[in-house]
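# coords please:
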Amino acid sequence: MATYHGKVSEMASILSIPFDLIALFSEYIDDEDDFLALRMTCKDFNATFHKPHLKSIYHSRRLFYAPQSFENLLKISRHPSGVSKYVRELLICWGTPYHNVSRGHDRFIDRVEVNENGEYDEIRDTVLEIARIAGDEADEVPKFQNSGEEIAYLGFALAGFSNLRSIHIETRKQYWHPFSRSELNLFFPKAGLAPGKRLHNVLKENVLELCGVPLLVDEPLPWFFWKLPLSSILLSGITHLESLSCNPIGYNSGGFPMTWFDFLPHQLSLFKSVFANLKVLKIVIGDATSWMSTTERDIRLESKFCDWLEAVGSNLEELCLERDGGGGNSRITHLFPVKTGLPKLKRLSLLWIAISRSNFEQFLDKCKAGLQQLSIKKCALEDDPIIQCYSMLQYLRGNCLHIQEFTLEVADFRDHLDTSDLPDSELIPPYLEVNTTENSVFGDCDWEVTTIPALTCGYTTPYPVGKALRLGLCAHSFWDLITDENWGRDIVSGTISDLE
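Numbers count the residues shown, from 1 in each chain. Next up, the predicted model:
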């Protein structure tokens, strides 16, 4: 109690705080054990933090490639307590928790087993039990793969998550967090990790790399982790998903094959119905047949992909499109839908796409009114990129009037870096980046220019890009003007070369 002017008043209690603030406070507690300790403080705390605790546990669920993970997700979706209503995000991890833990880590396992000087007294039994379970259960993973039950399991589970809004595919090991206590108990139930027992740093810091192990090399193929959620969503019939995404998977990691998008009209109608509320799509696609030349089959499959993209994208606001294959994939593609397009698109990000400028500009015609962010990275353009990029900038300045963030980086598919002896037709434009709080980046705001991406530091353009585009210059004069003629560099000697 506190005394003010001779009056005694009760001190405010945390329980007197409005529930909305308690919920906000709870979002900063990211450890299950901390939440449990808070609830065990007293009966009032237990009641007050019951729902926030459930939300912290179930808001985001991870799915690993193991029977136990699929079965547990289905159990949550059907649990009579109604905890399924808290699930809003599903993370599909491209890996399995079951493998021979000692493989690649045998020195650590050996040290734990020998336990010289009692260094690992506290954790020895737990580590060896986890290693044993992981090895025993590893044999069940290929059996599950061969059963073909994954899509049915996930589809039935998704049908029970009425508030699910996001599915994200975690493709890169560095994005995976160590197992939580509940995940450890799910996959290794006999390791003695019940609530109340302190988790050793070996487990907290993922020294065993339990969730950093890829699946078998051949089965399932990497693109299966795209097929899994898409096919399961169709099976479930849910229509409330707002985001479907993945991490950029990098060079030759297995994009979604173009052949998968070869759907009949009635199948596209189903996609349009199920993905009616999709707002964010981040997808990696593979190539159809060849990297260098375009075949009739390529053209047909690219057209099918465009039809699919329009079917799922009637309300799409953000699209991130990556093409598998990296810098070696220089075949010009027509991957942008132009029938109805994506009319509500606000943010567009492209990576490793070999762009047909005519196809791209026809696509932008459908969404130019609302487009606010445009990122073109590691992309190639047909013909002379110096002229093509300049023409694209002219189109954007005249048509996409509300872009506030813009990045342009043209891919260089050559296998050398010395540009001093190259003819102008083989040069590539400098890296451009700009963002503004004004109406458009094509006003008089400053742009950042990097002459050779990743090798030289960026600097502010000496002449406003928007103003330069209004002067009616030829392409080379434009690049000279905005870079003060410093956009060609001899990397070998480290000196700036005058290429005009």
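# distance of Ser303 from Lys368?
Per C-beta to C-beta, to the nearest Å, Ser303 is found 22 Å from Lys368. To be clear about C-beta, it is placed using only N, CA and C from the backbone, and glycine gets the same treatment.
# The two - which one has more neighbours?
When Ser303 and Lys368 are compared for neighbours, Lys368 comes out ahead with 20 against 16, by other C-beta atoms under 10 Å.
# can you pull the contacts of that one?
Lys368 makes contact with Asn399, Cys400, Leu401, according to C-beta atoms under 8 Å, 6 or more residues apart in numbering.
# Adjacent strands (with direction) for the longest strand seen in the chain?
Criterion DSSP state E: the longest strand present in the chain is strand 373-381. Sheet pairing here is set by DSSP bridges, and for strand 373-381 it gives strand 347-351 (parallel), strand 354-355 (parallel), strand 405-410 (parallel).
# After the last one, heading C-terminal, what element do we hit next?
Right, the one you point to is strand 405-410. As assigned by DSSP states H and E, the chain's next helix or strand after strand 405-410 is strand 431-435.
# and what of the second one?
Scanning forward in sequence from strand 354-355, with DSSP H and E defining helices and strands, the next element found is helix 357-367.
# Got the domain ranges for the chain?
Following automatic domain parsing, one finds the domains of the chain at 14-58, 60-453.
# now the last one: mean pLDDT?
For domain 60-453, the per-residue pLDDT values average out at 83.
# To which secondary structure element type does Val338 belong?
State at Val338, reduced to three classes by DSSP: H, G, I helix; E, B strand; the rest coil: coil.
# ok, now how distant is the residue lying closest to it once chain neighbours are set aside from Leu21?
Spatial nearest neighbour of Val338, excluding adjacent residues (C-beta to C-beta, 6 or more residues apart in numbering): Gln362 at 4.3 Å. For Gln362, the distance to Leu21 equals 50 Å [C-beta to C-beta].
# Quick check on these two: which one has the bigger neighbour count.
When Gln362 and Leu21 are compared for neighbours, Gln362 comes out ahead with 16 against 10, by other C-beta under 10 Å.
# ok, the more buried one touching Pro337?
No. Between Gln362 and Pro337 there is no contact under C-beta atoms under 8 Å: 9.3 Å.
# Going through the contacts of Lys368, which ones are buried?
Cys400 (16 or more other C-beta atoms under 10 Å).
# which of the contacts of Lys368 lies closest to Trp226?
Nearest to Trp226, judged by C-beta to C-beta, of these is Cys400 at 29.7 Å.
# Could you measure from the closest residue in space to the closest one that isn't next to it in sequence over to Asn72?
In space, and not counting its chain neighbours, Cys400 is closest to Lys368: 4.7 Å by C-beta to C-beta, 6+ apart. According to C-beta to C-beta, Lys368 stands 46 Å off from Asn72.
# same thing with Asp139?
20 Å.
# The two: which is more packed in?
Under the criterion of other C-beta under 10 Å, the comparison of Asp139 against Asn72 puts Asn72 first, with 19 against 9.
# three-state assignment of the more buried one?
Criterion first, three-state DSSP; result for Asn72: helix.
# who touches it in this structure?
Contacts for Asn72 were tallied using C-beta under 8 Å, 6+ apart; they are Leu186.
# distance of His402 from Trp447?
17 Å.
# neighbour-wise, which of these two wins?
Taking neighbours as other C-beta under 10 Å, His402 and Trp447 compare with Trp447 leading, 24 against 14.
# pretty sure the more buried one contacts Thr460?
Yes. With contact defined as C-beta under 8 Å, Trp447 counts as touching Thr460 (7.2 Å).
# So for those two, which residues contact both of them?
Contacts common to Trp447 and Thr460, judged by C-beta under 8 Å, 6+ apart, are absent.
# next SSE after the longest helix along the chain?
The helix that spans the most residues within the chain, counting by DSSP state H, is helix 296-312. Sequence order places strand 318-323 as the next helix or strand after helix 296-312, per DSSP H and E.
# which parts of that next one are buried?
Glu318, Leu319, Cys320, Leu321, Glu322, Arg323.
# Stretch 229-247 too?
Within stretch 229-247, the residues that qualify as buried are 229-236, 238, 241-244, 246-247, counting by 16+ other C-beta under 10 Å.
# One more: stretch 257-273?
Going by neighbour count (16+ other C-beta under 10 Å), the buried part of stretch 257-273 is Pro257, Met258, Trp260, Phe261, Phe263, Leu268, Phe271, Lys272.
# hang on, isn't Leu270 packed against Ser236?
No. If you go by C-beta under 8 Å, Leu270 and Ser236 don't touch, sitting 11.9 Å apart.
# Please list all residues in contact with Lys282.
By C-beta under 8 Å, 6+ apart, the residues touching Lys282 are Leu244, Ser245, Cys246, Glu318, Leu319, Cys320, Glu322, Ser349.
# Nearest to Gly135, out of the residues you listed: which one, please.
Cys246 (29.7 Å).
# Spit out the contact partners of that closest one.
Applying C-beta under 8 Å, 6+ apart, we find Cys246 in contact with His168, Ile169, Glu170, Thr171, Trp226, Lys282, Ile283, Val284.
# 7 Å instead?
His168, Ile169, Thr171, Lys282, Val284 (C-beta atoms under 7 Å, 6 or more residues apart in numbering).
# Can you report phi and psi for the fourth one?
By that I understand Lys282. phi -120, psi 110 (degrees, to the nearest 10).
# Identify the bridge partners of it.
Here Lys282, judged by DSSP bridges, has bridge partners Cys320.
# Next one: it relative to Ser232, how far apart?
Lys282 is 18 Å from Ser232, where distance means C-beta to C-beta.
# And for the third one?
Counting by C-beta to C-beta, the gap between Thr171 and Ser232 amounts to 17 Å.
# Leu74 - how many residues pack around it?
A count of nearby residues for Leu74, using other C-beta under 10 Å, gives 19.
# hang on, isn't it packed against Tyr153?
Yes. With contact defined as C-beta atoms under 7 Å, Leu74 and Tyr153 form a contacting pair (5.8 Å).
# Buried residues in the longest helix of the chain, which are they?
If you call a residue buried by 16+ other C-beta under 10 Å, then helix 296-312 has these buried ones: 298, 301-312.
# how about these in a markdown table, adding distance to Pro178?
Formatted as a markdown table, the buried residues of helix 296-312 follow (distance: C-beta to C-beta, whole Å):
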| residue | distance to Pro178 |
| --- | --- |
| Asp298 | 43 |
| Leu301 | 40 |
| Glu302 | 41 |
| Ser303 | 44 |
| Lys304 | 41 |
| Phe305 | 37 |
| Cys306 | 41 |
| Asp307 | 42 |
| Trp308 | 37 |
| Leu309 | 36 |
| Glu310 | 41 |
| Ala311 | 39 |
| Val312 | 34 |
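# Please identify which pair of the residues you listed lies farthest apart.
Of all pairs drawn from the buried residues of helix 296-312, the one with the longest distance (C-beta to C-beta) is Asp298 and Val312, at 21.5 Å.
# just the strands in the stretch 51-200 of the chain please.
Using DSSP state E, counting those that start in this stretch, the strands of the stretch 51-200 of the chain run over 60-63, 89-93, 166-170.
# what would those strands look like in JSON lines with mean neighbour count and distance to Ser375?
Listed next are the strands of the stretch 51-200 of the chain as JSON lines, based on neighbours: other C-beta atoms under 10 Å; distance: least, C-beta to C-beta, whole Å:
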{"stretch": "strand 60-63", "mean neighbour count": "20", "distance to Ser375": "26"}
{"stretch": "strand 89-93", "mean neighbour count": "20", "distance to Ser375": "24"}
{"stretch": "strand 166-170", "mean neighbour count": "21", "distance to Ser375": "19"}
